[in-house]
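Asker: Sequence first, then the predicted structure, then my questions.
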Amino acid sequence: MRVDVVPTAEAVAPGQLAGATVLVVDVLRASTSIISALGAGCAAVVPVAEPAEALVRARAARADGVLAAGERRGLPIAGFDLGNSPLEFADGRARGRTVVFTTSNGTRALLAARGAAAVGVAAFVNASAAAAWARAAGRDVVVLCAGERGHRSLEDWVCAGFLVERLARGAPGLAPTPAADAAAAAARRYAGDPSRLAADSPWARRLVRVGRGGDVAACLRVDTTTLVPVYLASVDKVVAGHP
């Protein structure tokens with residue numbers, strides 16, 4: 001089994017994900033918000049690229065209880081029902097409902113992964129469960145980081161390294177690429193205290209400045225759930241799953 005890490009959605013090469021199990025990572029905050037929403041009883045999350053599309057789709061299905069959620073540059077979008085906060089989703093307001101979701105980076109990464117054999121959503125909060133889910137499939141694994149507007153983000157890179165190390169613990173013959181080795185080395189610097197990313201990550205610091213420090217703290221906790229959301233590209237929905 002081979003494991004690779006792609007630093008941004010834009011860095012995915014044509015055909016690179018074909019036949020692989022992909023773990024999509026956007027720690028701050030899309031991955032963590034999706035995990036939180038589904039853990040609190042949300043029926044499904046539909047990732048879309050643009051806010052206008054999210055509003056159109058949510059309004060068209062309003063009678064069915066569909067909500068629009070998302071952010072741009074870390075801030076809620078005018079006219080949307082919810083932002084991109086794992087704490088908002090945790091309160092159950094999306095319970096039993098479908099959420100049409102668009103974010104600056106995370107939903108774009110999910111859409112970029114549609115050509116994979118299987119796609120799971122990973123973050124610090126479900127790192128061990130996500131690694132176990134990916135390992136159980138027996139395929140090559142690609143950890144796809146959302147990044148930040150085409151650039152590598154520290155928190156996604158470190159989380160990818162956590163996933164690589166957890167994959168290796170249960171698969172002694174795992175063959176990491178140079179990118180996977182580099183991510184794992186970065187992760188080891190935060191192994192004892194990932195919460196230090198709140199100070200080290202530029203995006204974390206921005207979120208704190210706009211009043212989202214509680215979100216940042218929630219996103220940097222490790223293994224608080226065994227829920228592994230699965231993106232079913234054939235029906236265009238992310239649904240709850242388990243390893």
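Answerer: Good, I have the coordinates. Nothing here was measured: the structure is a model prediction, and the numbers come from that model.
Asker: Need the three-state assignment for the nearest residue in space to residue 6 that is not next to it in sequence.
Answerer: In this structure, residue 6 finds its nearest non-sequential neighbour in residue 144, 4.9 Å apart by C-beta to C-beta, 6 or more residues apart in numbering. In short, each C-beta sits where N, CA and C put it, glycine included. When classified by DSSP: H, G, I helix; E, B strand; the rest coil, residue 144 comes out as strand.
Asker: So in terms of bridging, what pairs with residue 144?
Answerer: Assessed by DSSP bridges, residue 144 has beta-bridge partners residue 6, residue 24.
Asker: how close does the nearest residue to residue 94 once chain neighbours are set aside sit to residue 130?
Answerer: Residue nearest to residue 94 in three dimensions, not counting chain neighbours: residue 42, with 4.2 Å by C-beta to C-beta, 6+ apart. Distance from residue 42 to residue 130, counting by C-beta to C-beta, to the nearest Å: 18 Å.
Asker: per-residue pLDDT, the residue nearest the centre of the chain?
Answerer: In the chain, the centroid-proximal residue (C-alpha atoms, centre = their mean) is residue 31; its distance is 2.6 Å. Note on residue 31: pLDDT of 98.
Asker: What separation is there between it and residue 220?
Answerer: Taken as C-beta to C-beta, the span from residue 31 to residue 220 is 12 Å.
Asker: most remote residue from the protein's center?
Answerer: residue 63 (28.4 Å).
Asker: Could you look up the SS state of it?
Answerer: Going by three-state DSSP: residue 63 is helix.
Asker: pLDDT score for residue 170?
Answerer: The model's pLDDT for residue 170 equals 81.
Asker: In stretch 1-17, which residues are buried?
Answerer: By neighbour count on 16 or more other C-beta atoms under 10 Å, the buried set for stretch 1-17 is 1, 3, 4, 5, 6, 7, 8, 9, 11, 12, 16, 17.
Asker: Report the distance from the helix or strand hosting the third one to the chain centre.
Answerer: Assigned by DSSP states H and E, residue 4 falls within strand 2-6. Here strand 2-6 shows a centroid-to-chain-centroid distance of 16 Å under the convention C-alpha atoms, centre = their mean, to the nearest Å.
Asker: Kindly report the same for stretch 66-83.
Answerer: 17 Å.
Asker: do the same with stretch 190-201
Answerer: 18 Å.
Asker: Report all helices and strands that the longest helix seen in the chain contacts.
Answerer: Looking across the chain with DSSP state H, the single longest helix is helix 154-170. Where contact means 3 or more C-beta pairs under 8 Å, 6 or more residues apart in numbering; DSSP states H and E, helix 154-170 is packed against strand 2-6, strand 21-25, helix 127-136, strand 141-145, helix 178-188, helix 197-200, helix 202-209.
Asker: switch to 6 Å and redo it
Answerer: strand 2-6, strand 21-25, helix 127-136, strand 141-145, helix 178-188 (3 or more C-beta pairs under 6 Å, 6 or more residues apart in numbering; DSSP states H and E).
Asker: Poorly predicted segments of this structure, please.
Answerer: For the chain, applying pLDDT under 70 flags the ranges 242-243.
Asker: Return the distance of residue 10 relative to residue 105.
Answerer: Applying C-beta to C-beta, the value for residue 10 to residue 105 is 10 Å.
Asker: so where does residue 238 fall, helix or strand?
Answerer: strand 237-239.
Asker: Give the buried residues for that strand.
Answerer: So, applying 16+ other C-beta under 10 Å, buried residues of strand 237-239: 237, 238.
Asker: List the contacts of it.
Answerer: 34, 44, 45, 46, 229, 230, 231 (C-beta atoms under 6 Å, 6 or more residues apart in numbering).
Asker: what do you get for stretch 81-88?
Answerer: Residues contacting stretch 81-88 (C-beta under 6 Å, 6+ apart): 29, 32-33, 36, 67-71, 76, 103, 214-215, 218.
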